[in-house]
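Peer 1: Would you be able to build a 3D model of this:
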Amino acid sequence: HSVVRNALFCLETAANEKENHVYTKALMAYAFALAGKEEKRKALLSSLEKEAVKKDGSVHWQRPEKEPKVDLPYYHYRAPSAEVEMTAYVLLAHLTSQPTPSQEELSSASLIAKWISGQQNPSGGFSSTQVSCFLP
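Peer 2: Below you'll find the model as predicted:
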């Protein structure tokens, strides 16, 4: 369909820009995964990997302008919804490869899923209603 073709052209043009925000890259990686554009998906995931926060055996992404919170005893810090959402989009981009995710992508996905699961509130939900529709 011409609308989808034009939208993908717009995304491909935007993906070629040198200074894309990490949240934008996460969304584009998932969009290209859904569109079956494997080279673009892999290029964006490679770029995102360089910006990943790797801590305590898990992986996530955060906005560069956002100051991380200090860990306090007896308090489990939960990331803002934007960090949860963009990390979930990266997870989806890893799992939506064509034809199936590689073992390396599944390993990366498990580290991402570990961080996301740690962001659940006591009721099992997340601070963002958008993310709760992605994960059971």
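
Peer 1: middle-most residue in this protein, spatially?
Peer 2: Val90 (2.3 Å; CA atoms, centre = their mean).

Peer 1: Could you name the helices and strands sitting against the one helix or strand it maps to?
Peer 2: Using DSSP states H and E, Val90 falls within helix 81-95. On a contact count with 3 or more CB pairs under 8 Å, 6 or more residues apart in numbering; DSSP states H and E, helix 81-95 meets helix 22-35, helix 38-50, strand 58-60, helix 103-118, helix 129-132. For glycine as for every other residue, the C-beta is placed from the backbone atoms N, C-alpha and C.

Peer 1: and the residue nearest to the centre of the chain, what is it in contact with?
Peer 2: Val90 makes contact with 26, 29-30, 45, 48, 61, 112, according to CB atoms under 8 Å, 6 or more residues apart in numbering.

Peer 1: Flag whichever of the helices and strands packed on helix 81-95 has the least confidence on average.
Peer 2: The stretch with the lowest mean pLDDT among the helices and strands packed on helix 81-95 is helix 129-132, at a mean of 47.

Peer 1: quick one on the thing from earlier: and the helices and strands packed on helix 81-95 as TSV, adding mean neighbour count and distance to Arg5?
Peer 2: Shown next, in TSV, are these (neighbours: other CB atoms under 10 Å; distance: least, CB to CB, whole Å):
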stretch	mean neighbour count	distance to Arg5
helix 22-35	21	10
helix 38-50	16	14
strand 58-60	21	33
helix 103-118	16	27
helix 129-132	14	26
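
Peer 1: Which of these sits closest to Leu95?
Peer 2: For the helices and strands packed on helix 81-95, proximity to Leu95 was assessed by CB to CB; helix 103-118 is nearest, at 5.6 Å.

Peer 1: would you turn the helices and strands packed on helix 81-95 into JSON lines with distance to Met86?
Peer 2: As requested, the helices and strands packed on helix 81-95 are arranged in JSON lines below (distance: least, CB to CB, whole Å):
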{"stretch": "helix 22-35", "distance to Met86": "4"}
{"stretch": "helix 38-50", "distance to Met86": "9"}
{"stretch": "strand 58-60", "distance to Met86": "9"}
{"stretch": "helix 103-118", "distance to Met86": "11"}
{"stretch": "helix 129-132", "distance to Met86": "10"}
